[in-house]
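S.K.: Here is the input, now give the coordinates:
(one chain, ligands or ions: 1)
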Amino acid sequence: MTAAPATWWTTFFTEIYVDSDIELRDDAVADDMSRCVTAALRLEPGARLLDLACGTGRHAVRLSAAGFTVTGVDLVEEYLDRARLRAQAAHQPARFVQADMRDLRALEPGSFDAVVSLHTSFGFFPSHEENAGVLREIHRVLAPGGKVLIDVMNRDWFLRQTGVAFGVDQTDFVIRNFDSSTGRLYLHEERFDPATSRIRWEIRSVGDQPRTVAADYRVYSAHELMAMLAECGFAPTAVWGDYDLSPFSIHSPHIICVATAAAGRA
Ligand SMILES: C[S@@+](CC[C@H](N)C(=O)[O-])C[C@H]1O[C@@H](n2cnc3c(N)ncnc32)[C@H](O)[C@@H]1O
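M.R.: Numbering: from 1, shown residues only. All right, here's what the predicted structure looks like:
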């Protein structure tokens, strides 16, 4: 398995990622996630909502249709172009802005009632400080008392998926999988590093012009994520385990955490 480039997020999120992540094409999953956001945040109609790392806008456009004033931010212009087309097709006024989640100065401070980060779009950066910096930027663009919702894969659940079922030694913490649902074949390998609590995820396309992209991201247990939120000026108020807002346990696939921004600087 090859190492991911130091700034892997600039090379991983291309066509190969959107084509090979099955969930991105599943409308039912995006519907569930969008309903989950609405139920978990309990915002007023018209509330100003930022979808941070919005990708191709599958949630942003649904949340706009649900009555919120939605802004989507992503690093990748190609994804934002797709999001704009998606909004246009659905006659939704959601706006999309290109920015790095570590630097949200393109957005007015205090200008959102809520920020969401969905489908494990948190923990990308090499250091704790940089990942915490994303939470501080979220705090800065939130109005006092505004809410953040973070949805990430539950580290403890991930560790229970490895081993015998995949024909791999339990101590290896490797998941190998493949997806051919598009008619194109992708091999996925996810390897957990217990020294860093990071997953290296490699996607290899198979065919005439094989390509490999690799990611390397931090995965969190619920208590770590909540401690980080507290460190960055938030008061965590709830944690759920799945999009149906079922109670959180170590068996839950997701950590869906809501926290409120305390007044003052993060
Ligand atoms: C796992 S995908 C999830 C996308 C979207 N939330 C969804 O559920 O469809 C992560 C997203 O983060 C974006 N991203 C990666 N690095 C970023 C950065 N530094 N700043 C802003 N967005 C970034 C990627 O382009 C990608 O769209």
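S.K.: which SS class is residue 36?
M.R.: Counting by DSSP: H, G, I helix; E, B strand; the rest coil, the backbone at residue 36 sits in helix.
S.K.: Quickly note the distance from it to the ligand.
M.R.: Distance from residue 36 to the ligand, counting by CB to the nearest ligand atom, to the nearest Å: 12 Å. Every residue, glycine included, has its C-beta placed from N, CA and C.
S.K.: who are the neighbours in contact with that residue?
M.R.: When contacts are counted by CB atoms under 8 Å, 6 or more residues apart in numbering, residue 36 is found next to 151, 240, 243, 244, 245, 256.
S.K.: of all the residues you listed, which two lie farthest apart?
M.R.: Of all pairs drawn from the contacts of residue 36, the greatest distance, 12.8 Å, lies between 151 and 244 (CB to CB).
S.K.: who's more crowded, those two?
M.R.: In this view residue 151 and residue 244 are compared by other CB atoms under 10 Å, and residue 151 has more residues nearby, 23 against 10.
S.K.: So for the host helix or strand of the more buried one, mean pLDDT?
M.R.: When elements are assigned from DSSP states H and E, residue 151 belongs to strand 142-153. Along strand 142-153, the predicted local confidence has a mean pLDDT of 97.
S.K.: What's the local residue count around residue 2?
M.R.: A count of neighbours around residue 2, defined by other CB under 10 Å, yields 9.
S.K.: what's across from the closest residue to it other than its chain neighbours in the sheet?
M.R.: Distances taken as CB to CB, 6 or more residues apart in numbering place residue 214 nearest to residue 2, at 6.1 Å, with adjacent residues excluded. Applying DSSP bridges to residue 214 yields these beta-bridge partners: residue 202.
S.K.: tell me the pLDDT at residue 21?
M.R.: With respect to pLDDT, residue 21 has a value of 81.
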